[in-house]
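S.K.: The sequence and its predicted three-dimensional model are supplied below.
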Amino acid sequence: MAAAPASKLIVASWQARGLVFTGAAPGKPPVTIDGDGEEGPGPMDALLLALAGCTGSDVVVVLRKKKIELQELRLEIRGERREEYPQRYTKIDLVYHIFAPGAPEQAVRHAIDLSLAKYCSVAHSLHPDIPIGYELVLQA
């Protein structure tokens, strides 16, 4: 049986200006989050960036295991939010732009599907009523 994952500590500190916070896990490089979006991404943008980093990392790992030569991966993420508070996301769509010469589309889609259905912890941490769809733009 696999061991349970350890808990994670993040320390975030207000920078005594605007809505700027920096934070990180102890000993890791800090990230700036700005509620006004001036000195860094706002919290909701950071959530979309976290989703992109998570699923993108999964796709890179799976394609490497499939011996597919990935030359470029760019993600576009569009989140739709409620107008009323809390203004949470109600729908998220991703567009994976992938350049992988000779890659079979089915294999690339399989990597994306594995990420979203099984591996991406950020996707699975979102409320289950938020649909996450995707489109693939493959240059093979």
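M.R.: Cool, the structure landed. Predicted model only: the values in this text are computed from it and were never measured. Numbering: from 1, shown residues only.
S.K.: Distance from the chain centre to the lengthiest helix in the chain, please.
M.R.: In the chain, with assignment by DSSP state H, the single longest helix is helix 43-65. Averaging C-alpha positions (CA atoms, centre = their mean, to the nearest Å) puts helix 43-65 4 Å from its chain's average.
S.K.: and that helix, average pLDDT?
M.R.: If you average the pLDDT over helix 43-65, you get 98.
S.K.: in it, what counts as buried?
M.R.: 46-48, 50-52, 54-56, 58-59, 62-63 (16 or more other CB atoms under 10 Å). The way it works is simple: take the backbone N, C-alpha and C, and place the C-beta from them, glycine included.
S.K.: Which helix or strand lies directly C-terminal to it?
M.R.: strand 72-81 (DSSP states H and E).
S.K.: From the chain's centroid, how far away is that following strand?
M.R.: In this view, strand 72-81 has its centroid 9 Å away from the chain centroid, taken as CA atoms, centre = their mean.
S.K.: Now do stretch 100-108: distance from first to last residue.
M.R.: Across stretch 100-108, the terminal residues are separated by 9 Å (CA to CA, to the nearest Å).
S.K.: now, which of the buried residues of helix 43-65 sits nearest residue 86?
M.R.: Nearest to residue 86 among these is residue 47, at 12.6 Å by CB to CB.
S.K.: Could you check how far residue 83 is from residue 92?
M.R.: To residue 92, residue 83 is 17 Å away according to CB to CB, to the nearest Å.
S.K.: more neighbours, these two?
M.R.: residue 92 (20 against 6; other CB atoms under 10 Å).
S.K.: For the more buried one, pull up the helix or strand it's in.
M.R.: Per DSSP H and E: strand 89-99 holds residue 92.
S.K.: by contact count, what packs against that strand?
M.R.: Packing partners of strand 89-99 (3 or more CB pairs under 8 Å, 6 or more residues apart in numbering; DSSP states H and E): helix 43-65, strand 72-81, helix 105-114, strand 132-139.
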